[in-house]
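>>> sequence first, then the predicted structure, then my questions.
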Amino acid sequence: MTPDEVQHFVHVTSKCDFDIDISYNRYIVDAKSFLGVYGLDFHKPLKVSYDGYNAELEELLQKMAVAC
């Protein structure tokens, strides 16, 4: 992801009133943290975990999903 794409992702996740985590292996990052998200290796499979609903987040994740 480019810095602009990361910024947009963090902007969308920051509007959610529930926690959102991105993980791979044992590494977990707060999806509302620009530096945390930007530091991820996007060539590896990442898992987004959350317990809530936001239409804009769902749409963004659908666009980014490789497999659900």
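That came through, no problem.
>>> what is the mean pLDDT for the lengthiest helix in the chain?
Ranked by number of residues, the top helix in the chain under DSSP state H is helix 3-14. Averaging pLDDT along helix 3-14 gives 96.
>>> check stretch 27-38 too.
On average, stretch 27-38 scores 96.
>>> that one spans what distance, first to last residue?
14 Å (CA to CA, to the nearest Å).
>>> likewise stretch 46-61?
First-to-last residue span, stretch 46-61, CA to CA: 12 Å.
>>> swap in stretch 39-56?
23 Å.
>>> for that stretch, give me every contacting residue.
The contact list for stretch 39-56 (CB atoms under 8 Å, 6 or more residues apart in numbering) reads 1, 12, 15-24, 29, 31, 57, 61, 66. Yep, even glycine has a C-beta here, placed from its N, CA and C like the rest.
>>> follow-up on the earlier one: CA-only coordinates of the helix or strand following the longest helix of the chain in CSV, if you can.
Next helix or strand after helix 3-14 toward the C-terminus (DSSP states H and E): strand 20-24. C-alpha atoms of strand 20-24 as CSV (Å, rounded to 0.1, in the frame of the first residue of the first chain):
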residue,chain,number,x,y,z
ILE,A,20,-9.7,-3.1,14.8
ASP,A,21,-6.6,-5.2,14.7
ILE,A,22,-4.4,-6.4,11.8
SER,A,23,-2.3,-9.5,12.4
TYR,A,24,0.0,-12.0,10.8
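>>> neighbouring strands for strand 20-24, and are they parallel or not?
Paired neighbours of strand 20-24 in the sheet (DSSP bridges): strand 27-30 (antiparallel), strand 47-50 (antiparallel).
>>> report the buried residues of that strand.
Ile20, Ile22 (16 or more other CB atoms under 10 Å).
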